[in-house]
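In: Structure for this input, please:
(one chain, ligands or ions: 1)
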Amino acid sequence: MRIVITGASSGLGKHLALAYASGENELVLIARREEKLEEVAEQCRHRGSCVQTIMADVNDFDLMKKIAGELAQTRIDRIILNAGISVGHTAGVTPFGDFHRLFQTNFLSVHALLEPIIPKLMEQKSGEIVFISSLASLMSMPTSVAYSSSKRALNAYAEGLRYQLKPHGIEVMTILPGFIDSEMTQKNNFKMPFLLSTDAGVQRIIKAIRQKKRFYPFPLRFYLMIKMTLLLPQFLRDRIVNFTNFKKGA
Ligand SMILES: NC(=O)c1ccc[n+]([C@@H]2O[C@H](COP(=O)([O-])OP(=O)(O)OC[C@H]3O[C@@H](n4cnc5c(N)ncnc54)[C@H](OP(=O)(O)O)[C@@H]3O)[C@@H](O)[C@H]2O)c1
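Out: Numbering: from 1, shown residues only. Here you go, the predicted model:
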């Protein structure tokens, strides 16, 4: 399989790359930090994969389109849109610059990369597009306004795309992790419920992709807690949100 992974220099992207690394898979790994990406690539090569690394900022949309055009010259079996950022949790007004950066990286970059690739997948009549969203997309907290918004936009995009592409034999999957140990979560200074190790989180993602889950929120207990909270009357939800936000010390 030829698998493209964005954000492969650390965290989930890195461990997905390592998990897929074998003689059967050719990998295309994208991220900005050259040294880290090359380290991951080297480990993947040791496991038998042929690896192409692309040092690029996904926010450079013209570059993304160019890279995607080149990638689409050859068959693509799976593309995992994983590159993402969060900004520090504060209950204050999000600076526009942070908001812009979050939407660029977590949402807009995705279509810059996919626009030239989708026609290729349609021509192939096959392929898998995997979005790494977040449980935070389901319920916006006062401390994660911009992050939750960017991931919810991603969910809406993925949903529409799934309907568009299903008749062409293309699978679109949205993965919504809770907290998983990574560089991103290591910056968090609050208690993260149901925190999973990187390996446990990545194994669940791999299983969901193998089973072609269209929408996969996990861990289940955390997802059910969110779903149940969303079913409550608004005044009770407000109380719960205020309480958990207070606990984060925001
Ligand atoms: N960890 C969690 O608990 C959790 C939960 C829900 C969802 N997620 C999502 O999972 C994805 C991976 O996050 P992670 O936890 O693995 O965090 P991470 O370790 O910080 O990894 C983020 C990856 O994205 C890449 N990236 C960020 N901005 C980029 C840019 N402008 N251009 C190119 N690459 C960029 C980074 O590479 P460079 O810095 O080298 O460019 C890095 O490889 C994100 O979309 C995140 O929102 C994570």
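In: Would you work out how far apart the start and end of stretch 185-198 are?
Out: 11 Å (Cα to Cα, to the nearest Å).
In: So what's the gap between that stretch and the chain middle?
Out: 17 Å (Cα atoms, centre = their mean, to the nearest Å).
In: Please see if it touches the ligand.
Out: Yes - Stretch 185-198 reaches the ligand (Cβ under 6 Å from any ligand atom) through residue 185. In short, each C-beta sits where N, CA and C put it, glycine included.
In: and that stretch, average pLDDT?
Out: Mean pLDDT, computed over stretch 185-198, is 92.
In: Can you list the buried residues in that stretch?
Out: 185, 195, 196, 198 (16 or more other Cβ atoms under 10 Å).
In: just the helices in this protein please.
Out: 11-20, 34-46, 61-71, 96-103, 109-124, 145-165, 183-186, 198-210, 220-231, 234-247 (DSSP state H).
In: is the first one anywhere near the ligand?
Out: Yes - where contact is defined by Cβ under 6 Å from any ligand atom, part of helix 11-20 touches the ligand, namely 11, 12, 13.
In: quick one: which of the buried residues of stretch 185-198 is nearest to the ligand?
Out: Closest approach to the ligand among the buried residues of stretch 185-198 (Cβ to the nearest ligand atom): residue 185, at 4.4 Å.
In: Pull up the gap between that closest one and residue 67, please.
Out: Per Cβ to Cβ, to the nearest Å, residue 185 is found 28 Å from residue 67.
In: Only the buried residues of stretch 92-108, if you could.
Out: 94, 98, 99, 101, 102, 103, 104, 105, 106, 107, 108.
In: so residue 91 sits right up against residue 143, yeah?
Out: Yes - judged on Cβ atoms under 8 Å, residue 91 makes contact with residue 143 at a distance of 5.4 Å.
In: Neighbour count for the two, which is higher?
Out: Higher neighbour count among residue 91 and residue 143: residue 143, with 21 against 14, using other Cβ atoms under 10 Å.
In: Extract the CA atoms of the lowest-mean-pLDDT helix or strand in the chain and return them as CSV.
Out: None of the helices or strands of the chain scores lower by mean pLDDT, DSSP states H and E than helix 234-247, at a mean of 81. This file holds the C-alpha atoms of helix 234-247, laid out as CSV (Å, rounded to 0.1, in the frame of the first residue of the first chain):
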residue,chain,number,x,y,z
GLN,A,234,-28.7,23.5,28.8
PHE,A,235,-28.7,24.8,32.4
LEU,A,236,-27.3,21.5,33.7
ARG,A,237,-24.7,21.4,30.9
ASP,A,238,-23.6,24.9,31.8
ARG,A,239,-23.1,23.8,35.4
ILE,A,240,-21.0,20.8,34.4
VAL,A,241,-18.9,22.8,32.0
ASN,A,242,-18.3,25.5,34.6
PHE,A,243,-17.4,22.8,37.2
THR,A,244,-14.9,21.0,34.9
ASN,A,245,-13.5,24.3,33.8
PHE,A,246,-13.0,25.4,37.3
LYS,A,247,-11.1,22.2,38.0
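In: Fine by me, thanks again.
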